[in-house]
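Undergrad: Sequence isn't available, so here's the structure alone:
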């Protein structure tokens, strides 16, 4: 063996070590963090029950069912339609780990687009994980994913994404956006099949209300808002009124009729009798103006670029000050909005009343953070 | 046809890199070939 071959062997070994280290880090994106369901959780089911081709794929997702002793409405709460919007996902985690339902049923789907949890968006600098202390101080980690389905599950993107059945044209990447893919198709793209499974779940199990937790950039016009399908208009108006009376600044937006593919529009249109709403909070880790994006920025909600943008009239759609927009407040807004929406459902139709407890309020989360409501891992 | 052409180019590139890695007298060329080839083959063979 000459010197060139020996050197080739050594360099190949070195490259293999580097590839293994980075490859393991890459593959860790596919780990699913454990959740600790509350004692009130009566059943854990899988999304593929409503669309079997999703079984054994990265689109498979757990659904946690909480059943009350008394009859009432049936509500689905979704998080993780966009896994780069962590307050939406963490709000569903707090539901899974703390919810107690006395009347009616609440089903929680924390990872609606489970595939999108396994990859981050290119060039966004998104942190891989958020780490938070649990009730006993031990660390719990939560994945931050991308906005769209992992390209390993659906590729390539077309130049123009065509929504079905409306034939609305969108930019190519939206073909992997779950919240542009409703109502979905059984034989459509991977993302359309996930949307189809969620729609089938709502249809087959006769749900009365679906709530979709999201976040948006601070400069996005629809932020700190409830977006409601017209069938849920009265319900959402009552919820927003209740939240406003409690001092929360929150808007009510009608679901646009001509913007297709969104959960509130398509699920409201395609599932008979369903009321569909979507909640938005403001995430400093998401917009185009943001500075360095890391876990601290997402958790503490502080960004000096958005703070500076506050001086430009109309640039920020929510007030940004030195206290930031911490994740505790964003999760608390979602949970308070859910509580008011459930109360409004009972007022609009007393037979559909859902009574739930165990959830922290916005004020409690603001004062104590998320930790007291995160269970230690067994 | 295009698919066959694509794979023929891929095979040619891999063979070229292997030749560079094994026969080059310049360690920098060898290092470059190793850093491209190893992750490429690991990705193709292991990660589904």
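TA: In hand now; what should we look at? Predicted model, so just to flag it, every value in this text is computed and none were measured. Residues are numbered from 1 along each chain as shown, chains lettered A, B, ... in the order given.

Undergrad: who in chain A is up against chain B?
TA: A:4-5, A:7-8, A:11-12, A:14-16, A:18-20, A:22-23, A:27 (C-beta under 8 Å from any C-beta of the partner chain). In short, each C-beta sits where N, CA and C put it, glycine included.

Undergrad: Return the subset of these lying in helices.
TA: Assignment to helices by DSSP state H places the following of the residues of chain A next to chain B there: A:4-5, A:7-8, A:11-12, A:14-16, A:18-20, A:22-23, A:27.

Undergrad: For ChimeraX, what selects the buried ones among those residues?
TA: The buried subset of these, as determined by 16 or more other C-beta atoms under 10 Å in any protein chain shown, is captured in ChimeraX by this line:
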select /A:4,7,8,11,12,15,16,19,23
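
Undergrad: Excluding sequence neighbours, find me the nearest residue to residue 22.
TA: All of this is about chain A. residue B:39 (7.8 Å; C-beta to C-beta, 6 or more residues apart in numbering or on different chains).

Undergrad: wrong one, I was asking about chain B
TA: The nearest residue in space to residue B:22 (C-beta to C-beta, 6+ apart) is residue A:8, at 5.4 Å.

Undergrad: Any stretches of chain B with poor pLDDT?
TA: Low-confidence segments of chain B, defined by pLDDT under 70: B:47-48.

Undergrad: where's residue A:240, which helix or strand?
TA: With elements taken from DSSP states H and E, the one containing residue A:240 is helix A:233-245.

Undergrad: Could you list every helix and strand in contact with that helix?
TA: strand A:225-228, strand A:251-254, strand A:275-282, helix A:327-348 (3 or more C-beta pairs under 8 Å, 6 or more residues apart in numbering or on different chains; DSSP states H and E).

Undergrad: hey, which of those is tucked in deepest?
TA: strand A:275-282 (a mean of 28; mean count of other C-beta atoms under 10 Å in any protein chain shown).

Undergrad: and the angle from that one to helix A:327-348?
TA: Relative orientation of strand A:275-282 versus helix A:327-348 (axes from the mean of the first three to the mean of the last three C-alpha atoms, to 10 degrees): 160 degrees.

Undergrad: got the contact list for the spatially most central residue of chain B?
TA: Nearest to the geometric centre of chain B sits residue B:14, at 3.0 Å (C-alpha atoms, centre = their mean). Counting by C-beta atoms under 8 Å, 6 or more residues apart in numbering or on different chains, residue B:14 touches B:37, B:40-41.

Undergrad: So which of those residues would count as near chain A as well?
TA: Near chain A, by the rule C-beta under 8 Å from any C-beta, you find residue B:37 out of those.

Undergrad: and chain B, which residues reach chain A?
TA: B:21-25, B:27, B:30-31, B:34-35, B:37-39, B:42, B:46-47.

Undergrad: So which of the residues you listed is the closest to residue A:199?
TA: Proximity of the residues of chain B next to chain A to residue A:199 (C-beta to C-beta) peaks at residue B:47, which lies at 31.9 Å.

Undergrad: follow-up on the earlier one: starting from residue A:130, give me the distance back to the residue nearest to residue A:22.
TA: For residue B:39, the distance to residue A:130 (C-beta to C-beta, to the nearest Å) stands at 28 Å.

Undergrad: Sketch out the helices for chain B, chain order is fine.
TA: B:2-23, B:27-45.

Undergrad: most packed of those helices?
TA: Among the helices of chain B, highest average neighbours (mean count of other C-beta under 10 Å) belong to helix B:27-45, with a mean of 17.

Undergrad: any idea how far chain B is from residue A:274?
TA: According to C-beta to the nearest C-beta, to the nearest Å, residue A:274 and chain B sit 37 Å apart.

Undergrad: Pretty sure residue A:340 sits against residue A:237.
TA: No. Assessed by C-beta atoms under 8 Å, residue A:340 is found out of contact with residue A:237, at 10.9 Å.

Undergrad: didn't residue A:217 look like it was pressed against residue A:287?
TA: Yes. Counting by C-beta under 8 Å, residue A:217 does reach residue A:287; the two are 2.9 Å apart.

Undergrad: so what's the closest residue to residue A:253 other than its chain neighbours scoring on pLDDT?
TA: In space, and not counting its chain neighbours, residue A:253 is closest to residue A:227: 4.6 Å by C-beta to C-beta, 6+ apart. At residue A:227, the pLDDT value in this model is 98.

Undergrad: what's across from residue A:227 in the sheet?
TA: For residue A:227, the beta-bridge partners under DSSP bridges are residue A:253, residue A:278.

Undergrad: I'd assumed residue A:251 was in contact with it.
TA: No. The criterion here is C-beta under 8 Å, and residue A:227 misses it with residue A:251 at 9.2 Å.

Undergrad: that older thread, relative to residue A:233, how far out is the residue nearest to residue B:22?
TA: Residue A:8 is 70 Å from residue A:233, by C-beta to C-beta.

Undergrad: For the stretch 51-200 of chain A, which segments are assigned as strands?
TA: A:62-67, A:70-78, A:100-109, A:129-133, A:139-143, A:160-162, A:169-171 (DSSP state E, counting those that start in this stretch).

Undergrad: Mean pLDDT, distance to residue A:56 and mean neighbour count added to those, as TSV?
TA: Below are those laid out as TSV (pLDDT from 0 to 100; distance: least, C-beta to C-beta, whole Å; neighbours: other C-beta atoms under 10 Å in any protein chain shown):
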stretch	mean pLDDT	distance to residue A:56	mean neighbour count
strand A:62-67	98	14	21
strand A:70-78	98	22	22
strand A:100-109	98	18	22
strand A:129-133	97	25	15
strand A:139-143	98	20	18
strand A:160-162	97	26	15
strand A:169-171	96	29	14
